[in-house]
Structures are given as structure tokens and as C-alpha cells.
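Enquirer: I'll drop the sequence and a predicted model, then ask my questions.
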Amino acid sequence: MKRLIPPCQAACPVDTDTQTYVRLIAWGRFEEALEVIRQVNPFPSVCGRICQHPCEEKCRRAALDAPVALKDLKRLVTELVAGTAPPAEIVPVTREKVAVIGAGPAGLTAAQDLRGSGYAVTVYERLAEPGGMLNIIPNYRLPEDVLKRDIDAILARGIDVECHRELGADMNLAELREEGFKAIIVCSGLSRSRGLALPGFGAERFLAAIPLMMDVWSGKPVDVGRRVLVIGGGNVASDVARTLRRLGADDVTMACVESREEMPATEEELGAAVEEGIRLMPSWAPKRVLKTDGHVAGLEMMRVTSVFDANGRFNPQYDLTHLKVVTADAIVLTIGQAGDTSWTRGSQVALDRRGRVVTDRELHTTSESGVFLAGEALRGPGNVVEAMADGHRVASVVEAFLTTGEPRAPERESPELVGEFPQTVLENLRRLDRVPMPRTPSSERLRGFREHELGYDEASALREAARCLNCGAGPTIDEDLCAFCLTCYRLCPLDGIEIRKKMENTPEACQACGLCAAECPMGAITLGHWEKDEFAGQLNAVLAGRKMSAPSTAVVQCVHTAASRDDLTPEVRSGDETAIRLNIPCITHLKPIDLMLLVASGVSRIEVKMCDPAACKHPAGQKRARQVLSATVEDIRAMRPGVEITFVEVEPASAGASSA
Amino acid sequence: MIIVRQKPLEDILSYLAPYRNVLLIGCGTCSAVCFAGGEKETEEVACMLPLVAEAKGQQLEVRAATCERVCDWEFVEPVLNGDETPDAIVSFSCGSGVNLIAEHLETIPVFPGTDTLFIGATMEHGVWNEMCLGCGDCTLDKTFGICPVARCSKSILNGPCGGSHDGKCEVDDEIECVWVKIVERARTMGRLDELGQYIPPKDWSTSHSGGARRLLREDLRIVEQQEPTEAAVGEQA
């Protein structure tokens, strides 16, 4: 059977191997977890803060309780590891020069990929710092040093950045060609706020979001008065509203044409905005700006009756008999951004009748050979992870272009996904609360731009990572070895095995508890996350790494009993004695022979640590494993009377830590 | 299938006193399915046997290999072609596998790792019941598909006997009286009257009582084609 892709991974625009990094976190292997993330994501720290996490939207746990907090887990590993990770190796330059216009997430991702393939890459940035629009995300959501950490790691791979260099203003395409650039990738983003031709437009303090946020970023004084009306219902509107609250506006309203349910901002953002005292005014559209002495005095608004037409197109309808006036000292428009195409002047890059660059959206090409478009400049508004995905794609196209002379889009595989839970399974799964993100109270937040989400600690991360359901990581049954004994079929607590022409796993039901693999009499079952001889391999590695003679004590523990990485090391010290420690995903994975191997290696005292049955992810499996292993223990005791084996039930240590 | 049960390790060890290099052969068919001698169990024995031996002052080197079926020599032969010829073999198949190995290996001793119990079926995971005695003359047509030969302690064909109490056999309370089951099934099927017919005594010569049995099917045997001899050619002419 083809190994299935978990829905979280399939939902990630850059195809992050979500399940693997979450498992590595649960095992305390944070460095490896970050490595897995970095394979596809040059902005792990940024994503740990502000990613819109489509992965979480698709997490199958949502049907049970709440999605695994993938973004928050990612944040923790970047916090704990990013600073300590060795710098990436610089690949020698062996290929052509490539220019990237715009040092936002799309541009820097493309730059990193191409640099990694041996191209000499220079990134030109219009602003004073690389980072693009990420720079103007307020510090309380994305602190500057966090953004800088990712950017520094990218640039450390040998990428040149020239700031204050704007294509179309400071240089043009022809000049870049003369400098020897064989391909030019334009990722100039959407840097201009869209305007609105309202009566009264042009009043003082009638502001556009991007220039306002640029001023805030660059530290210029911003005077908006006390009462501010923000027009727009997306994340930028929320950023503006929440920023202005922190800058002293004490009466801030967000008004938008969309209804509350239709508002494009994430629920997290809107929830935080409301907590900070921002009023939401959904289903209202601006009609006329009211002025006093040339200043904004308020806005006349009209009731919106519907936003989208029958074809789903944006086509708002109004009730002109239902009007309202909102008084305000300033109005900020955040109703979308537009790109700047002035860089195309004097080149062969053609624009269409509406002034947009003519492009092939698959191939990123423009009408001038060697000039490519990517990121929001090509796709329209998006989020950081979508921008990175586009950066990867354009890099792949450009590499094909420079190698063969022909741009070629990377092939996209359509993954086979794990489907919905059967109802009977859903009823039998243990609910585990999502570990809440600690936050500063809203009353304290408004005092400044300090981040208000404080991040998980290690224990919380271990506990949260344990919630992953390992979708699709269940058994693969080797039909050459299978004796059709039906053990797996009969044992599975969730009816996760079917009898077809051969025994087959039903991934929708399976929770990868491992019971079938542990009990298969023919060793025919391998799990996605636990190899057949993984225990023996771990034991050999631990023994080989020891200077001392054979250990007398071994702790075999479910990883979910650990509260910190120190609880997961291969050696455990207690007083003068050292014992070896072997980690397993749950005692459902432990086979009788694993205990026998410990005895054979000279261990005379074995402690099997397992989660309290009331907290174990696999309650039925755990009970079964305990029954089988207890019989093994009896056998071992009969044969080797000196050997002591105990089972210890522990409250998952991290559970206690997080409730503290 | 053939139901087998693994022998105690002490018993196995007792066979092996004079030997050092021992090969355990697992069977991937019946023994595996009743958890007595598949790959998992033979590996467990291979792990524990040297430890138990050591405690008794005996040195053993044990390796395990499992084949599809020990009752077909073609499966067994490859596992014997290891680097080292063992001093002794323990087979975790049913008795027929042990016999077959002994038939083929003249000088290497072979021992049973299991007790062969009966021909049976799985009632639930971990529970097997005897269902057939291999009498060689099946009369299940007369007893509604339930076998008194195998499942009645006396193998009587016209039951139940006076030792049947509350559906149990007088031999052991754990044994159900199979004749009660036969009668109940006949009643359920509305064919109780058929049980009034007397079943005559069996001819037991088809069973083991007639001596060791052999099934020979000429239609299936692979007979080597021989070059016709001159005499044979002459005869034909």
C-alpha cells in the first residue's frame, strides 16, 4: 500500500513534513525537528509566530477536540534551537548570476534555493532592510529580532543583499543584464495601499495602511488622534487597529463590508482585537467622509445587505435607507494592496489593458525572456507560507531555464490523503486538551509592542506534540511474511485492519498504536514511525556508547512520560548509579523480546514507565500490552529469578507542568 | 489447522545438554498461527535459551530461522544452508515437521520444540478447540456437521450417553457434551426425527487404528519420463 500523506502536510504550501517534526519534538529531538522544518522553510521563526497555519485547519484532531498547535510547536523549537544551530554550509558559486528583486519571503526563498544550487544570487531591496512586508508586521506579533534571525540564517548562505535599491528607480532591467545577470526574478510584492474614491477623500488624517505602518516601523511619529476608524476586515486592518491602540488611540473601530462570519482576518486576530477593546462593525460600507476644517471628522456609512453575488463574485449591495455616522479623528483605509509596475518601463515586459504584467502563472515568465515574476506581485494577496511556496516554484523554473534554456514548472504530485474518521472510531478516541498558549492579559498588552503570546515551555511542547494522531503512520503488512493468522485484525481496538486479498490497514481508523506490530507472530508488520527492530537498534546504540560494563538497570519509558529533554536522554542518573534509558512511543510498541533482550544484555532490573491509563493516548492498546507483557515478565522471572521487572504508571509529567 | 503448544524451556534445554550450536526452526503456518513457533516465538526462545542454559552451567549458541512450512522439505532446506552446520535442531513445527527433518538429515539430531495437540479451530484469539480426529471416514453428514468422533470423549455415534449432565461431559466440566449440541442443532433445524436413526459402528481401519496411514494419488504424482528401452520398444511392436 502506498504510504499516505497526512492532511496537515498536504495542506502546507511548502509541503512541510509536519508529522515528523512533531514526533521529533515529542521525543525531545528539537535540533532534528528544526532541521526537518528548514528543509522546506527558510522562515521557521517567522512561521512559528505568524503563519496562518493551513496545516492546523486540516488537522484530523479537529474532529475530536482541537487541532495540534503546530505553529506554537514550531515556535518553541526555533526559540530553543535556532540560535544554537551551526551556520549552513556555503555552497561554492559554480553557475550563473541571478538577480532577485525584493527581499520578502518569496524573494529570499527563491534566492536561498538558487544559491543552494550554486548560482550567484544578489537580492535588491527597495527598503532599508531585507524582509519586505514582514517588516511592518507589528512587533507584538512578530518581533524584529525573530525576523532578523531567519533573514540572517538565509543570508549566511552566501547571498548578497543590496538595500535602498529599487528596480525602475535606481536601476532598470537592461542595466542588470549588463551586469551579467542571466535571470531576474521580480518579487516586488504589493507595496501600495488601494485607495477609495469617496466624497471627501483627501481630507487630512484620511490615511492608507501601508504608508502608516511604514512610518510606525521606521519610528516616525504618528498622530491619529483619539478616535480612529479602520476600514477593512483583514489581518492588515487588525494590525493597524491594534497598533494604533498601542500608540494611544483609545477608541478604535474596525468597519468592513463583510459580515462578521465573512471577515477575512483570522479568528485569532479578531479575538485579540476585541480583547484589546477594538469595536467591530461588520456589514457597513463607507459612503462619505465628513470633514471639519479640512480634517477628518467622521464617516457616513451605509448598511451592506450582501457582499457576494450568486456567482460568488465580490459585488456588495447596500441599503441606502440605513445610514450611520461614525465620528473619528482619523480614518485608515486597509482595503487591499496593489503592486507597482513602474519597473517595466523601457523593457520588453508587457502590461495588459488593466496595467498588470502579462505573465504565465505556471511558468512565472513575462514577455521578456529571463525575467520572471513571483510572490504576491504574481499571485495577488497571500500569506508568508504561500509566498515561500511561490519562491520555491520560481527557483525551480529558473533553474530549468538556466540549465536547458526552457523554463519548466516543477511537477506537482497529487498526494493520497488519509480520510475522515469513521464515527465509531471518533467515539473511542481519547480527548486531550490542546495546551493553551500563555498570553499577557489584554490590559497589559496595550502598554507597548511587547509580544503578548509568550510561547510554550519545553514541558508544554512535549505534551502538545503528544497529541498528534500519527495519521497514516500505521502498519504496512508484508504479504510475503504474513501468515494470515488474523492477530492484527482481531486485536485492533479500532477495527483498523481489514481482510481483503491480504491483510490491510484502514488508515482512517488506525491510530498507529503499534499493537499489531508488537504481536504479529511473523514480524510482518512495520509502522511508519517505528521500525521493526527499532528497540533492539536503540539498545545496541546505548550499549555501544557506554564506557562502563553492562548496566544493571534499564528504564523503558513511553516518551510521553517525559517533562523535558533531560528526561529523554539515553542515560539516567540517580545518585551514584547510572541506568540506561530506552524510549518508546507507547508500551503498545513493546514486544516480549524487547524485555528479553535487556535481560540478555545483563540488565537485572527493568522499570517500564507508562502513562497513567486515564491519560494514555491508546487506552485499549495499553491494557492489552500490559496483559501480554505481564505474562512475559512471569516467564522471565521463572527463568531468571534474580531479574526484577516493574511497571510504573505515571501521570504524564508534562500534564502536571502545563496545568501549573 | 494443527494446534501445537510450545514446550517449556527446561524441556527443550534438557534435549540439548551435549550440544553447543543449535538451530531453531520456526514454522510460518500452523505453529505461527497458534503462537507457538512462528518467527516471533522462535526468536524469543533463541534469546532466552542461552540465558537459561548459562544458569545451569551450559554454553549454547542459538540461532533461529523460520520457514513457510516445515512439512514441505523445499521450504526447510534453504534455512539449513547457513554458514554453520548445527550440532542439533529444534523444530517448532508440529510433529510432522520434526519427522520430516529426521527423514532428511541422517546425522543431525532433531528435537521437538512443541507438543502437537490436535486438529482444531480458533474459537477466539487465544482459544482453540479440537474439531477433527482424522478418522479417515467422515460421518459429519449424519450429525449435522458436528463431530462426535472428535468431540465426544467416548466418540460414540449414537449419543448422548448417561454421562451427560447439564450440557457437560462427565469427564470434565470444562468439556461440553457435543451430543447435546448435536441434538440442539437438529431441533433448531426442525430435523430432530433424523436422530432416531441408528448409526452403525464405524470401520476404524481407516483411522490410525488401521496402522500408519499414507495417501497416494497416482493422478498427482510426478513420474519421471524415462527413455524407452529396446525391450520396451520391442514389446510395443
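Expert: Nice, thanks for sending it over.
Enquirer: How much space separates the residue nearest to residue A:135 when sequence neighbours are not counted from chain B?
Expert: Nearest residue to residue A:135, sequence neighbours excluded (CB to CB, 6 or more residues apart in numbering or on different chains): residue A:217, at 5.5 Å. Yep, even glycine has a C-beta here, placed from its N, CA and C like the rest. Using CB to the nearest CB, to the nearest Å, residue A:217 is found at 64 Å from chain B.
Enquirer: so what's residue A:217 scoring on pLDDT?
Expert: Predicted confidence (pLDDT) for residue A:217: 90.
Enquirer: Name all residues that make contact with whichever residue of chain B sits closest to chain A.
Expert: Closest residue of chain B to chain A, CB to the nearest CB: residue B:38 (3.6 Å). If a contact means CB atoms under 8 Å, 6 or more residues apart in numbering or on different chains, then residue B:38 has A:483, A:485, A:521-522, B:26-28, B:31-32, B:66, B:92 as its contacts.
Enquirer: Now do the SS call for the closest residue to it other than its chain neighbours.
Expert: Computed as CB to CB, 6+ apart, the closest residue to residue B:38 that is not its neighbour in sequence is residue B:32, at 2.8 Å. Here residue B:32 takes the helix state, with states given by DSSP: H, G, I helix; E, B strand; the rest coil.
Enquirer: pretty sure residue B:32 is touching residue A:524, no?
Expert: No: checked against CB atoms under 8 Å, the pair residue B:32 and residue A:524 is beyond contact range at 9.8 Å.
Enquirer: who's more crowded, the two?
Expert: Just comparing residue B:32 and residue A:524: by other CB atoms under 10 Å in any protein chain shown the higher neighbour count belongs to residue B:32, 32 against 29.
Enquirer: And the chain, split by domain according to the record?
Expert: Here I'm looking at chain A. Per the record, chain A has its domains at A:7-86+A:428-465, A:97-191+A:338-404, A:227-335, A:472-530, A:533-660, by automatic domain parsing.
Enquirer: To clarify, I was referring to chain B.
Expert: B:2-118, B:133-203.
Enquirer: The residue nearest to residue A:135 reaches residue A:133, doesn't it?
Expert: No: the criterion here is CB under 8 Å, and residue A:217 misses it with residue A:133 at 10.1 Å.
Enquirer: what about these two, which has more around it?
Expert: Between residue A:217 and residue A:133, counted using other CB under 10 Å, residue A:133 has the larger neighbour count: 22 against 19.
Enquirer: Give me the distance between the closest residue to residue A:43 other than its chain neighbours and residue A:246.
Expert: Excluding its sequence neighbours, the residue lying closest to residue A:43 (CB to CB, 6+ apart) is residue A:150, at 4.6 Å. Taking CB to CB, to the nearest Å as the measure, residue A:150 falls 24 Å from residue A:246.
Enquirer: doesn't residue A:481 make contact with residue A:524?
Expert: Yes: using CB under 8 Å as the test, residue A:524 is close enough to residue A:481 to be in contact (3.6 Å).
Enquirer: quick one: buried residues of the longest strand along chain B?
Expert: Across chain B, the longest stretch assigned as strand under DSSP state E is strand B:114-124. Across strand B:114-124, burial judged by 16 or more other CB atoms under 10 Å in any protein chain shown covers B:114, B:116, B:118-120, B:122.
Enquirer: which residues touch the residue of the stretch 51-200 of chain A found nearest chain B?
Expert: Residue nearest to chain B within the stretch 51-200 of chain A (CB to the nearest CB): residue A:64, separated by 28.0 Å. Residue A:64 is in contact with A:421, A:426, A:429, A:431, A:469, counting by CB under 8 Å, 6+ apart.
Enquirer: Okay, and which of those map to helices?
Expert: residue A:426 (DSSP state H).
Enquirer: Get me the contact residues on chain B for chain A.
Expert: B:9, B:28-29, B:32-33, B:35, B:38-41, B:43-44, B:47-48, B:50-52, B:55, B:66, B:122, B:124-125 (CB under 8 Å from any CB of the partner chain).
Enquirer: so where's chain A shaky on pLDDT?
Expert: A:1-3, A:83, A:85, A:547-550, A:575-576, A:653-660 (pLDDT under 70).
Enquirer: now do chain B
Expert: B:225-237.
Enquirer: biggest helix in it, by residue count?
Expert: Per DSSP H, chain B has its longest helix at helix B:39-55.
Enquirer: relative to strand B:114-124, how tilted is that helix?
Expert: If you take axes from the mean of the first three to the mean of the last three CA atoms, to 10 degrees, helix B:39-55 sits at 140 degrees to strand B:114-124.
Enquirer: Quick one: residues in contact with the helix or strand just after helix B:39-55.
Expert: Downstream of helix B:39-55, the next assigned helix or strand under DSSP states H and E is strand B:61-67. Applying CB under 8 Å, 6+ apart, the external contacts of strand B:61-67 come out as A:522, B:20-28, B:32, B:38-39, B:42-43, B:45-46, B:49-50, B:75-76, B:78-79, B:82.
Enquirer: Could you pick out the buried ones from the residues you listed?
Expert: A:522, B:22-28, B:32, B:38-39, B:42-43, B:45-46, B:49-50, B:75-76, B:79.
Enquirer: how about the helices of chain B, start to end?
Expert: Counting by DSSP H, the helices of chain B are B:9-15, B:30-33, B:39-55, B:73-80, B:95-104, B:148-151, B:178-188, B:230-236.
Enquirer: What residues does the closest residue to chain B within chain A make contact with?
Expert: Here chain A gets closest to chain B at one residue, residue A:521, 3.6 Å apart by CB to the nearest CB. By CB under 8 Å, 6+ apart, residue A:521 lies in contact with A:483, A:485, A:487, B:32-33, B:35, B:38-41.
Enquirer: Can you add distance to residue A:449 and give these back as TSV?
Expert: Conversion of the contacts of residue A:521 to TSV gives the following (distance: CB to CB, whole Å):
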residue	distance to residue A:449
A:483	65
A:485	63
A:487	59
B:32	66
B:33	68
B:35	65
B:38	65
B:39	63
B:40	61
B:41	65
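Enquirer: now, which of these sits nearest residue A:338?
Expert: Distance to residue A:338, by CB to CB, is smallest for residue A:487 among those, at 63.4 Å.
Enquirer: number of nearby residues for the closest residue to residue A:283 other than its chain neighbours?
Expert: Computed as CB to CB, 6+ apart, the closest residue to residue A:283 that is not its neighbour in sequence is residue A:304, at 4.6 Å. By other CB under 10 Å, 20 other residues sit near residue A:304.
Enquirer: which residues does residue A:304 bridge with?
Expert: residue A:318 (DSSP bridges).
Enquirer: how close does it sit to residue A:286?
Expert: For residue A:304, the distance to residue A:286 equals 11 Å [CB to CB].
Enquirer: what do you get for residue A:334?
Expert: The value you get for residue A:334 to residue A:286, if CB to CB is used, is 12 Å.
Enquirer: for the closest residue to residue A:488 other than its chain neighbours, what are its contacts?
Expert: Spatial nearest neighbour of residue A:488, excluding adjacent residues (CB to CB, 6+ apart): residue A:516 at 3.6 Å. Residue A:516 makes contact with A:475, A:487-488, A:491-492, A:496-497, A:525, according to CB under 8 Å, 6+ apart.
Enquirer: got the buried residues for the helix or strand hosting residue A:516?
Expert: Following DSSP H and E, one finds residue A:516 within helix A:515-519. When neighbours are counted by 16+ other CB under 10 Å, the buried residues of helix A:515-519 are found to be A:515-519.
Enquirer: Any residues of the stretch 551-660 of chain A in contact with chain B? List them.
Expert: A:591-593, A:596-597, A:599-600, A:635-636, A:639-640.
Enquirer: would CSV of those with neighbour count and secondary structure be doable?
Expert: As requested, these are exported to CSV (neighbours: other CB atoms under 10 Å in any protein chain shown; DSSP: H, G, I helix; E, B strand; the rest coil):
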residue, neighbour count, secondary structure
A:591, 25, coil
A:592, 22, helix
A:593, 23, helix
A:596, 22, helix
A:597, 21, helix
A:599, 20, helix
A:600, 17, helix
A:635, 17, helix
A:636, 21, helix
A:639, 19, helix
A:640, 19, coil
